[in-house]
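K.L.:
Mind looking at a prediction? Sequence and model below.
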Amino acid sequence: MGAYLVVKRPSDAELIFNVLDILRKNGEIVGEINFLQSLKKRNIGASPRRFRRLIFEIPEIEVEVRYSKKKFGQLKRCPVCSSKLTAIKGINLEGKRKVIGYRCAVCGYNSTSNGKPYIYVFRLKSHDL
């Protein structure tokens, strides 16, 4: 019979500890999937949504988001960190208020100037390369 790898769901503190440890060893990781695979090698599991939510709460980590040119329609949650979005309203030629985009207070995502996120780059702010 083959051996099965049991991946556990860690507490937030345990996940943060492992995320920081991985970044201390690597300095930078390109791609959310690569980071989640690094965690899985340590038998640590996290959903992409939970991972992104926690990453933005860690002040030592810098996240660079690279965007495609594609735009979203109506958004309910931030595509970068899954936080709630605030509508950006403008006034049209008829003087009526209209939603022209969405902004995130947590990570700074702005749907009027950014497209869809396609890759994340994670790095420690104080890491010497």
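P.N.:
The structure has been received and is ready for your questions.
K.L.:
In space, what's closest to the most centrally placed residue in the chain - neighbours in sequence excluded?
P.N.:
Residue closest to the average C-alpha location in the chain (Cα atoms, centre = their mean): Arg52, at 3.6 Å. Excluding the flanking residues, the one nearest Arg52 by Cβ to Cβ, 6 or more residues apart in numbering is Cys81, at 5.1 Å. Glycine gets a C-beta too; all of them are placed from N, C-alpha and C.
K.L.:
any idea how far Ile100 is from that neighbour?
P.N.:
To Ile100, Cys81 is 21 Å away according to Cβ to Cβ, to the nearest Å.
K.L.:
and the nearest residue in space to Glu64 that is not next to it in sequence, what does it touch?
P.N.:
Closest residue in space to Glu64, ignoring its immediate chain neighbours: Val121 at 4.1 Å, by Cβ to Cβ, 6+ apart. Applying Cβ atoms under 8 Å, 6 or more residues apart in numbering, one finds that Val121 lies in contact with Glu28, Ile29, Val30, Val63, Glu64, Val65, Arg66.
K.L.:
Where does Val121 sit: helix, strand or coil?
P.N.:
strand (DSSP: H, G, I helix; E, B strand; the rest coil).
K.L.:
burial of Arg66, as a residue count?
P.N.:
By other Cβ atoms under 10 Å, the residues close to Arg66 number 12.
K.L.:
Run through the bridge partners of it.
P.N.:
Listed by DSSP bridges, the beta-bridge partners for Arg66 are Ile119.
K.L.:
list the contacts for it?
P.N.:
Arg66 neighbours (Cβ under 8 Å, 6+ apart): Pro117, Tyr118, Ile119, Tyr120, Val121.
K.L.:
Report pLDDT for the fourth one.
P.N.:
Going back to what we said before, that points to Tyr120. At Tyr120, the pLDDT value in this model is 91.
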